[in-house]
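Colleague: below is the sequence, then the predicted model.
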Amino acid sequence: MSALKYWIWLSTLEKVGLKKKLAALRWFGEPETVYKADKRSLKMVEELSADDIIQLQKKDMTGAEEILEQCNEKHISVITFQDAAYPPMLRYIDDPPLVLYTLGNLIDFAAELPIAVVGTRKCSAYGALSAKTMGYQIANCGGLVVSGMAEGIDAMAQQGALLAGKPTVAVLGGGVDIIYPKSNRNLYKDLLAKGMIISEYPPGTAHSKTHFPVRNRIISGMSYGVVVVECPKRSGSLITARRALDQGRDVFAVPGNIDNYVSAGSNQLIKDGAPLVTKGWDVISEYAHLRPDRAVYKKDSLDIRIDSVRPIREPEKAEESNKNIETTELQVPVIDKKEIDKEENRAYIQRMEGLDPDAQAVVAAIGDKTRHVDDIIDITQLKAARVLATLTLLEINGIVRQSSGKRYSLAVNEKR
């Protein structure tokens, strides 16, 4: 029996919460082992209630087999939580989806710089232009635009990324095989040709209002930062912004017309401390040190116009823009010399000599211990988003390892 069937079986158990499923997966290692576990074994997982155990003992695989058959027929790929293709930033949120269904082009998220761009469906002409220009500039400067393919801001940002000739990722609140909204049919086709469509919901699942707030955690969770272009005070985009902050991600906002209610929410974010951004490089420059191979300043020559609204001003020259980037001298914690001098560590330390200051600070903070991510943030005094992004890169490069409960250790320490 295909291993994917076990993943789909576990992910589609309706009466077991996602965090309970993740707890069972951490305990048993594989969904197949969870499936084969008896009642006595399941009781060893502290997070599982008696009702959870009853649900996990339901061994009917009919639904999972039907979903997998649909995926095969419709050429839908299934990415599991343990697959290398799974977006690495998404793994570190509290409630990552066990399974992702995808259509379009497979993207190597570990090599990308994902940036979410979100906003209201009922946007103004100014908001639409801002979103389209922001999507274009972020993509053109090396970012991967992530959004929800909704009408308004989402669609305009993704159109901008496609105009730059770059891929973009749409996260849906229903099956990837269902176009929603229907007015975005052409965008859907363009995404299949150039980008990627993702959902945690099986094919054939109808899009639902209750799904969208849940979906938003994926949009923010797989991204380094979230750009809110235009939204009212009560908006799904603000839900995404709150989820982003809970996940330790950065939130940026594009300023809007103070007399237009659709800008009230995004303007409030700026009042509350979200960095104000007017061009794509404002966002990408925050992460250029993490992805120097991706982030590149480009003078944007695109002139996008909607009705009579003037486009956002083009970026200044790189030299002028870089003057405005605030730099802070990083205080790197000192590692005890006796740890560095150990013979088995020398080759490993040499691998880390070329790391950027953030990575050096994180490595120094971990030292020879296993530390929780919150402790690493406290020690380094870096923003949570920068620490999470740095840990992702260090894990990809085999320098750190993650254990249960968001705890990290240096890979060299596990080899002793």
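Modeller: Yes, it's here.

Colleague: use CA for all of it now, contacts and neighbours both
Modeller: Fine.

Colleague: now do stretch 24-42: everything it contacts.
Modeller: Stretch 24-42 is contacted by residues 3, 6-7, 10, 45, 48, 53, 56-57, 59, 404 when judged by CA atoms under 8 Å, 6 or more residues apart in numbering.

Colleague: can I get that stretch as CSV, trimmed to CA atoms?
Modeller: Extracted in CSV, the C-alpha atoms of stretch 24-42 (Å, rounded to 0.1, in the frame of the first residue of the first chain):
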residue,chain,number,x,y,z
ALA,A,24,1.0,11.2,17.2
LEU,A,25,3.3,11.6,14.2
ARG,A,26,6.2,12.9,16.4
TRP,A,27,5.7,9.9,18.7
PHE,A,28,5.4,7.1,16.0
GLY,A,29,7.6,8.7,13.3
GLU,A,30,5.4,7.7,10.3
PRO,A,31,1.7,7.8,9.6
GLU,A,32,1.8,4.1,8.7
THR,A,33,3.0,3.4,12.2
VAL,A,34,0.2,5.5,13.6
TYR,A,35,-2.2,3.5,11.5
LYS,A,36,-0.9,0.2,12.7
ALA,A,37,-0.7,1.3,16.4
ASP,A,38,-3.0,-0.5,18.8
LYS,A,39,-5.0,1.2,21.6
ARG,A,40,-2.3,0.5,24.2
SER,A,41,0.4,2.1,22.1
LEU,A,42,-1.8,5.1,21.3
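
Colleague: quick one: it to chain centroid distance?
Modeller: When distances are taken as CA atoms, centre = their mean, to the nearest Å, stretch 24-42 is centred 28 Å away from the chain's centroid.

Colleague: tell me which of the contacts of stretch 24-42 is nearest to residue 223?
Modeller: Comparing the contacts of stretch 24-42 against residue 223 with CA to CA places residue 404 closest, at 21.8 Å.

Colleague: which residues does the closest one contact?
Modeller: residue 26.

Colleague: what bits of the stretch 101-250 of the chain have low per-residue confidence?
Modeller: Across the stretch 101-250 of the chain, nothing is flagged by pLDDT under 70.

Colleague: quick check: residue 355 vs residue 223, distance?
Modeller: Separation of residue 355 from residue 223 (CA to CA, to the nearest Å) stands at 22 Å.

Colleague: out of these two, which sits in the busier spot?
Modeller: The neighbour comparison of residue 355 against residue 223 (other CA atoms under 10 Å) goes to residue 223, with 28 against 13.

Colleague: what about that one, is that helix, strand or coil?
Modeller: Using DSSP: H, G, I helix; E, B strand; the rest coil, the secondary structure recorded for residue 223 is coil.

Colleague: isn't residue 187 right up against residue 157?
Modeller: No - applying CA atoms under 8 Å, one finds residue 187 not in contact with residue 157, separated by 11.1 Å.

Colleague: who has more neighbours out of the two?
Modeller: residue 157 (34 against 18).

Colleague: now do the SS call for that one.
Modeller: Applying three-state DSSP: residue 157 is helix.

Colleague: residue contacts, it?
Modeller: Taking CA under 8 Å, 6+ apart, one finds 117-118, 131-136, 145, 147 in contact with residue 157.

Colleague: one more pass at 7 Å, please.
Modeller: Neighbour list for residue 157: 117, 131-132, 134-135 [criterion: CA atoms under 7 Å, 6 or more residues apart in numbering].

Colleague: now for the residues you listed: which two are most distant?
Modeller: Checking these with CA to CA, the most distant pair is 117 and 132, at 9.9 Å.

Colleague: list the contacts for residue 154?
Modeller: Residue 154 sits next to 117-119, 147-148 when contact means CA under 7 Å, 6+ apart.

Colleague: take those and lay them out in CSV including secondary structure, distance to residue 73 and neighbour count.
Modeller: Formatted as CSV, those follow (DSSP: H, G, I helix; E, B strand; the rest coil; distance: CA to CA, whole Å; neighbours: other CA atoms under 10 Å):
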residue, secondary structure, distance to residue 73, neighbour count
117, strand, 32, 31
118, strand, 32, 35
119, coil, 34, 35
147, strand, 26, 31
148, coil, 25, 28
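
Colleague: in CSV, list the residues you listed along with distance to residue 213.
Modeller: Shown next, in CSV, are the contacts of residue 154 (distance: CA to CA, whole Å):
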residue, distance to residue 213
117, 15
118, 13
119, 13
147, 13
148, 11
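
Colleague: just those residues now: which is nearest residue 295?
Modeller: After measuring these against residue 295 - CA to CA - the closest member comes out as residue 117, at 17.0 Å.

Colleague: wait, what's in contact with that closest one?
Modeller: 145-147, 154, 157, 226-228 are the contacts of residue 117 under CA under 7 Å, 6+ apart.

Colleague: equivalent analysis for residue 45, please.
Modeller: By CA under 7 Å, 6+ apart, the neighbours of residue 45 are 24, 27.

Colleague: just checking, it is part of a strand?
Modeller: No - using three-state DSSP, the assignment for residue 45 is coil, not a strand.

Colleague: report the separation between it and residue 164.
Modeller: In terms of CA to CA, residue 45 sits 49 Å off from residue 164.

Colleague: residue ranges in the stretch 251-400 of the chain under the pLDDT threshold?
Modeller: Looking at the stretch 251-400 of the chain by pLDDT under 70, you get 299-354, 396.

Colleague: would you map the helices across it?
Modeller: With DSSP state H, counting those that start in this stretch as the criterion, the stretch 251-400 of the chain has helices at 264-271, 280-284, 318-323, 337-340, 343-351, 357-366, 373-380, 384-396.
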